[in-house]
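Asks: Okay, here's the prediction I keep looking at, along with the sequence it came from:
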Amino acid sequence: MLSRDAATQVSRVLTEALPYIQRFTGKTIVIKYGGNAMESDELKNSFARDIVLMKTVGINPVVVHGGGPQIGDLLKRLNIESRFVDGMRVTDTQTMDVVEMVLGGQVNKDIVNLINQHGGSAIGLTGKDAGLIKARKLKVSVNTQGLDKPEIIDIGHVGEVVEINTRLINRLVSDDYIPVIAPIGVGADGASYNINADLVAGKVAEALQAEKLMLLTNIAGLMDKAGNVLTGLTTAQVDALIADGTIYGGMLPKIRCALDAVQGGVSSAIIVDGRVPNAILLEIFTDTGVGTLITNNKGAI
Ligand SMILES: Nc1ncnc2c1ncn2[C@@H]1O[C@H](COP(=O)(O)OP(=O)(O)O)[C@@H](O)[C@H]1O
Ligand SMILES: CC(=O)N[C@@H](CCC(=O)OP(=O)(O)O)C(=O)O
């Protein structure tokens, strides 16, 4: 039997959760599950349980996953070098094959299996399934020293999202499935594109007009140079942090997609520390939100 203290604590947590359950029931929440947040079996199980719990109380989770470190591991074993520009992997044909194998095969099926083991009904998809993620080649411009205007560089089979097939996602969701999406896009000619998972999650959230976009990563949130977690930033403040180098690497696509999503109609985006067990539940169902919250001017929670 629970002690009186423990019982008080449990009832406080459940009571605190009620308004959030009422608020989010029937709403869509897109969760980006970063490869860096898949640190241990314990965390992966906690993630899967949180997703199933969300679905059980009537919220519609749509998962978009990454797998950067997992792609890196296989490339290393195959002695294929990898480099990044603006947080995006330069992807030649050989690398594209590995990306498609790791994301569409290993990581996607691992997550689907975990969710299903915890009692959910997850379905794994890549952007090729029913043309879920239509894409085109991404043009990247960089500022090179000595040149007076930005230079367009070729980073291979890296794509940007043209269109998301929301009909397929909505159909799966209304049939109570949990879509688990790998960030591989398909071109008009059938070509595969490697797309940063944050960017796909942002576009999926926008296309579905989701209530929330959650970006699970391996850091407490967006930080300033002194390591303080920043929240409630405006676009101009974010631009300044990019210009002075405070935001770099993998945080660049993350913050850009979060801003784009809220400007495109998603009520709020949040960068969450996926290393905290039950990070998703804590973020959705308690008053103590964690991480960096990005909202539009209309204001959200
Ligand atoms: N200002 C910043 N605040 C926090 N993290 C930052 C910042 N700038 C760069 N980063 C880096 O971005 C990383 C998160 O991006 P990434 O490694 O791509 O994660 P994920 O695989 O979860 O998408 C952090 O671990 C950190 O190294
Ligand atoms: C173009 C590009 O960079 N694609 C990413 C796709 C995976 C990803 O985004 O994984 P995380 O979310 O775990 O970083 C890559 O190749 O690593």
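Replies: That came through fine. As the structure is a prediction and not an experimental result, all values here were calculated from the model. Numbers count the residues shown, from 1 in each chain. Ligands and ions are numbered 1, 2, ... in the order given.

Asks: As a check, name the ranges of all strands in the stretch 51-200 of the chain.
Replies: For the stretch 51-200 of the chain, the strands defined by DSSP state E, counting those that start in this stretch cover 60-65, 84-85, 88-89, 122-126, 133-137, 140-142, 151-153, 159-164, 178-182, 184-186, 192-194.

Asks: Using a markdown table, lay out those together with mean pLDDT, mean neighbour count and distance to Cys257.
Replies: Any C-beta I mention is one placed from the backbone N, CA and C, and that applies to glycine too. Formatted as a markdown table, these follow (pLDDT from 0 to 100; neighbours: other Cβ atoms under 10 Å; distance: least, Cβ to Cβ, whole Å):
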| stretch | mean pLDDT | mean neighbour count | distance to Cys257 |
| --- | --- | --- | --- |
| strand 60-65 | 98 | 26 | 10 |
| strand 84-85 | 92 | 12 | 16 |
| strand 88-89 | 94 | 21 | 12 |
| strand 122-126 | 98 | 21 | 19 |
| strand 133-137 | 98 | 20 | 14 |
| strand 140-142 | 83 | 13 | 15 |
| strand 151-153 | 85 | 11 | 21 |
| strand 159-164 | 97 | 19 | 10 |
| strand 178-182 | 98 | 27 | 14 |
| strand 184-186 | 98 | 26 | 14 |
| strand 192-194 | 98 | 25 | 16 |
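
Asks: got the ones you listed as JSON lines, with distance to Asn278 columns?
Replies: Putting the strands of the stretch 51-200 of the chain into JSON lines (distance: least, Cβ to Cβ, whole Å) gives the following:
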{"stretch": "strand 60-65", "distance to Asn278": "14"}
{"stretch": "strand 84-85", "distance to Asn278": "31"}
{"stretch": "strand 88-89", "distance to Asn278": "30"}
{"stretch": "strand 122-126", "distance to Asn278": "19"}
{"stretch": "strand 133-137", "distance to Asn278": "29"}
{"stretch": "strand 140-142", "distance to Asn278": "37"}
{"stretch": "strand 151-153", "distance to Asn278": "41"}
{"stretch": "strand 159-164", "distance to Asn278": "29"}
{"stretch": "strand 178-182", "distance to Asn278": "17"}
{"stretch": "strand 184-186", "distance to Asn278": "29"}
{"stretch": "strand 192-194", "distance to Asn278": "31"}
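
Asks: As TSV, these with distance to ligand 2 would be great.
Replies: Converted to TSV, the strands of the stretch 51-200 of the chain look like this (distance: least, Cβ to the nearest ligand atom, whole Å):
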stretch	distance to ligand 2
strand 60-65	7
strand 84-85	7
strand 88-89	4
strand 122-126	12
strand 133-137	11
strand 140-142	10
strand 151-153	14
strand 159-164	8
strand 178-182	9
strand 184-186	8
strand 192-194	5
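
Asks: show me where pLDDT drops low in the chain?
Replies: Residue ranges of the chain with pLDDT under 70: 1-2, 288-289, 297-301.

Asks: what's the span of stretch 152-169, first residue to last?
Replies: Terminal residues of stretch 152-169 lie 34 Å apart, using Cα to Cα, to the nearest Å.
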